Structures are given as C-alpha cells and as structure tokens.
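Student: Structure here, sequence nowhere to be found:
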C-alpha cells in the first residue's frame, strides 16, 4: 500500500513535469507569435497606376507588384490546379495535414536534412504573412500553430483568396492577378487551362520555374501540373493532352514599360510630397496626369530625329566624340498643363531631366522677356534704338565690353519690333541699359523664371542660366493674355476605392497686361514671318516664337507657341562644348520644334491670337517706325494700344 502511494506520487509529479514542459514549450513557441486578428485591418500592398490625359497607362509604381482580386475572379482551373499540386486535402484538414507531416518527417530523418516540406496552403500563408523562410523545427511548429489559428478565424475560401493574392509567383509577381499580367499580359480571369496550370506550378519554386528564367523547365513543370489535375479528375485526358500542346505564349518583357519616363520621374517628388512613400507604393492609387500621350510620342520622335541629324553634322565637321543631347517640353497655354516632356535622348543612358532640371544659358531666347518689360513700361513697338557699335567700361583694367551682333553688321536706327525679330544684340543691350538690369531681372521672376538673374547688361543677351520649363512657361504668358500659370503635371489622385484624395489647384497670377501680351505675340509673330524663325512659316498656322544661340554654339534653343500650346526645345552637350560652326537655334533646335508642332497643330482648330478691343493695327516703316500707307514697300502691320498708336 505504501509503495502504491509512492508510485502514485511519482506519477503525479511526472505528469506535472511533462505537462509543465508542454505548457512551457507552448508558451515559448507562442509568446512572440503575431495576432491573427491583425489581418482584419491588414491591407496587402497594391499597385499605383499613372495615366495620361488620353487614358494611356504610363507607369505602375509599387513596392511589390501585387493586384489583389476577389476569389470569384480567379478561374476554377487555377484554384483546383493549385490545390492538386500543393494541398489536395485543403478543404478537409484543420490547417495541418498530420499524415503529410509524418511522411515528410520520415523522409527528412532518412536524408538527414529538410528535403520535404508537407506545408499546407494555410501553413504557407502563415509563413508568407508572418514568418521567415528559414528551415528550422521551431519555425515549423510556429507555422503549425498559426495555421490552426487561421482555420479557426477564417473560412477555407477566405484563406485560399488570401493565399492567391499574397504568394510570390516569380519575376516580381505577387499574387495570381499580377502573375497573369506579367507572364501573359492579361487579367487572371481570362487565363486558359494551360496558363492556369503554369501559374499553379509556380509556388513550389518561383525563381526556378519562371518562364522568363527557364522556359524549358517551366513547360515541364506546367505539364506535371496538368497530369496532376487529370489524376484527380479536374480535367479529362483529352483536355490534358490539348493543353500540353500549347506553347507558353509568354508576353515579351517590356524593358521600356514606363512610358514618358522623364515625365514620370518629374512627377515622383510631387506624388511623394502629396501621399508619402508608403501610400504611393503600397495603396493602389490611381493618378491622372496632364500628359497627352499622342503628343508625348511626337516629342520623342521629333527629338530623336533632330539629334540624329545634328550628330551626323557634327561628325562631318570632325568634332571629337559628338554626343548632343536635347529636351522638349510642351505646355497648354490656357491651363498650365504639361502636355509633353522629353528630358533627353535616352532615359536608359541618363535619367537627368534636361527639360525640368538643366540650368543653361538661353541666349537670345531670353530677349522676349526684356522686350516684354519694355512694352509694359509703355514703349510702343515702333520705338527705335540705335543699332551701332557700342562699348561699356568693365572692372577689368583697359578692357571694355563691346557687344556685337551675330551677323557682324549694323542697321542704324531700327524699331523694337525689327530688333527682336532679327535678334540683334546691340539694340537689346541699349534697351536693358535704359530699363535697368535690376528691373528686368525682377520682371523675369514675375514671368516665372525661378533661377537667380544677376543684374548686369549681358542679361539682355541671355547670359543668365534658366530652365527650359521656366522659359517655356514664361513665353506662355503672351498667348494667355498676360496670365502666368505655374506648369503642373498631376490632375487628380484617387484612392483604391476611386475616391478623390487630391485635386490640382493651378497657381495663377497676372504677369503683364492683356494689351502688352498681345503686342508681344505680334512681335514674336514677326520673328517667324521676317526674322530668325522664318523656317516655321511652313506650318501655315498662327505661331510665334524666338530662337536662341549661345557663345561658340554651345546651346541652341527655340521657344514658341500657337494660340493653344507653348513649346520649348533645347539642344546642346551636357558638358558644354560647341555643337559646331553655324549650329544656331534656327538650325539645330527649330527643326525639332517644327516637327513636333506639325503633329500638334493638325489636331487644333484654326484660331487667331487674342487682340483686346482697345488696340489698333498700324502700318509702319520697319526701320524708322513711322506710320505709312498699307502699300508702302516692306510695311509692317504692327499692333498698338489706342493710347500710343502712331498717327499718319
């Protein structure tokens, strides 16, 4: 009796020790496990899509390329094929397949290492969401515990839906929808039997079975899945054989999948400032932009053609290692919307955006700002300036600054209109001396030039540095009746439920009078009709603009506009060196502008530039500026305010 009591006590203690060990082990395995209920608020990472104004998909932004879809969207062949190869007892077990675990354990013991997983779909989901991929006994225990918790909280269909939206399927694809789009270029709901089998084959080893990485092995694995589907009567023998005959039909990977890459990179800082990185790359936003994809394609074609021709000329001139670059930006005159942006010849070679970020001298393309300031100060465009040699004292001893005209010739007294149209340097310098460099610099900022402008006389010749975007936006003030609108590229942003979370509010300001703007349009039309931009007359459409060329032909520009669109073109080398003798704005940049505008104006309704009611046209002598009869040889029809129009 006494011995029986001792045995009973020992058994009780032993049971207590074992129970304590089991409880301790359970606590050890579960104390740091995540709370399954956190999935109630869990939102999987989703793709943000960026669209042009004409509904072209420009880019997809994501941390993980994931497109969550409801389970009913996914074809039965994919769901059943996946279960056939990954977890045939999915709808019967409680999260862990005990027989499978024992079988795998036996194989692992025989091999002396982990060779067989036996993880159910639920366990794989638990690992994907909450655990690492390390192959340890501890992780497998935690995985099993989490799987049991999943099964208690969610239905089988909910678990399968989470799995099919979370699992990595190779080549950057997370989830079935993303894989369908990456591999086949279509939605998952449109997949064929053969395509479903390929995706069902991926979870076992996504990198190894990716059809982009190893198409032969992917095909072999797909056929194994088809055989498994036939074996469990998901498909017939005939269906299996027919599906095996299909080629992979994999979508060719598009290395240039981002359209308008310079524009997309330009937008990213704005998007990040509005949304923050987590929201932008993980919350599946929809971004509508101002870009017109048809015009964007035209801008890229125009720049490519123009730079190719320039490079050929540079080689013919035996310039060492010619590598010309260029940029084009187009802005809607009336709204400030950026319609096209090409920041260089090849985004893959260099991401530097020369349209938005490059600071370069504009040369004579800056002169319209100078003349616009004069017009606003009350100078009529028939005001005359002396076009004759001039010298200015400098800080350097015994060295004067002597500005010269590009042609090396002088015309004597000429009007502001002719001086601008023919881009004569000396009259421009005389004009800035009258107006004051500080005043001109201040006015340039009113027109949207953001870069610092040193207040000296040489600013009249465009020796300051500006950005092409800013200069083009400044020109847009003239056809927009004196109103400056800060260029912008984002119209609105929607969340993943199509609710607007941000909408553009264009920044506008009055930069000059409506009358002054109309006069500037008139003067810049003269630059097309009778001046350095005369090649643009081929367009047979109301356009105006100005060339720009810097010293030693290092920069070539043309900035111009129609009543609807302002377009700027810059050409040069990144490391400023000559483009070659004679490579002026008219020769190197204007042909690119014309090529682009020829694609643009044919889609615009023919219209005229704005002329306010309180203005009048007067025929003038282009040299003296005096009013003349309309039949006077060479007479110019010039626009004036009623208050200062010349009288015959």
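Tutor: Noted; the coordinates are in hand. What you see is a predicted model, and the numbers here were worked out from it, not measured in a lab.

Student: distance of the closest residue to residue 646 other than its chain neighbours from residue 539?
Tutor: Excluding the flanking residues, the one nearest residue 646 by C-beta to C-beta, 6 or more residues apart in numbering is residue 627, at 4.3 Å. In short, each C-beta sits where N, CA and C put it, glycine included. Separation of residue 627 from residue 539 (C-beta to C-beta, to the nearest Å): 30 Å.

Student: Tell me, how many residues neighbour residue 455?
Tutor: Residue 455 has 15 neighbours, counted by other C-beta atoms under 10 Å.

Student: got a pLDDT number for the nearest residue to it once chain neighbours are set aside?
Tutor: Distance criterion C-beta to C-beta, 6+ apart; nearest residue to residue 455, sequence neighbours excluded, is residue 437 at 3.8 Å. According to the prediction, residue 437 has pLDDT 97.

Student: dump the residue contacts of residue 437.
Tutor: By C-beta atoms under 8 Å, 6 or more residues apart in numbering, the contact list for residue 437 reads 455, 456, 457, 459.

Student: picking up where we left off before, what's the neighbour count on the residue nearest to residue 646?
Tutor: The burial count assigned to residue 627 is 18, neighbours taken as other C-beta under 10 Å.

Student: For it, list each beta-bridge partner.
Tutor: Beta bridges link residue 627 to residue 620, judged by DSSP bridges.

Student: check contacts around residue 235.
Tutor: 77, 193, 226, 229, 243.

Student: Phi and psi next, for the first one.
Tutor: It stands for residue 77. phi -60, psi -40 (degrees, to the nearest 10).

Student: Look at it and say how many residues are nearby.
Tutor: 23.

Student: That one - nearest residue in space that isn't next to it in sequence?
Tutor: Using C-beta to C-beta, 6+ apart, the nearest residue to residue 77 is residue 196, at 3.9 Å.

Student: State the distance from the one you found to residue 90.
Tutor: 17 Å.

Student: Looking at those two, which one has more neighbours?
Tutor: When residue 196 and residue 90 are compared for neighbours, residue 196 comes out ahead with 27 against 19, by other C-beta under 10 Å.

Student: Wasn't that one part of a helix?
Tutor: Yes: per DSSP: H, G, I helix; E, B strand; the rest coil, residue 196 lies within a helix segment.

Student: Next, the contact list for it, please.
Tutor: Residue 196 is in contact with 75, 77, 78, 81, counting by C-beta under 8 Å, 6+ apart.

Student: Contact partners for the closest residue in space to residue 51 that isn't next to it in sequence?
Tutor: Nearest residue to residue 51 in three dimensions, chain neighbours excluded: residue 288, at 5.4 Å (C-beta to C-beta, 6+ apart). Under the criterion of C-beta under 8 Å, 6+ apart, the neighbours of residue 288 are 51, 53, 490, 491, 492, 493, 494.

Student: Does residue 557 lie in a helix or a strand, and which?
Tutor: Using DSSP states H and E, residue 557 sits in strand 555-561.

Student: what packs against that strand?
Tutor: If contacts are counted by 3 or more C-beta pairs under 8 Å, 6 or more residues apart in numbering; DSSP states H and E, strand 555-561 sits against helix 468-476, strand 544-549, strand 565-572, helix 590-601.

Student: can you put the ones you listed in CSV and add distance to residue 340, mean pLDDT and mean neighbour count?
Tutor: Supplementary listing: the helices and strands packed on strand 555-561 in CSV, determined by distance: least, C-beta to C-beta, whole Å; pLDDT from 0 to 100; neighbours: other C-beta atoms under 10 Å:
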stretch, distance to residue 340, mean pLDDT, mean neighbour count
helix 468-476, 11, 98, 27
strand 544-549, 16, 98, 29
strand 565-572, 8, 98, 29
helix 590-601, 8, 95, 22
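
Student: that older thread, most neighbours among the contacts of residue 196, which one is it?
Tutor: residue 81 (26 neighbours).

Student: any idea how far that residue is from residue 418?
Tutor: Taking C-beta to C-beta, one finds residue 81 at 78 Å from residue 418.

Student: center of the chain - which residue?
Tutor: In the chain, the centroid-proximal residue (C-alpha atoms, centre = their mean) is residue 264; its distance is 0.9 Å.

Student: show me what contacts it?
Tutor: Neighbouring residues of residue 264 by C-beta under 8 Å, 6+ apart: 50, 58, 59, 258.
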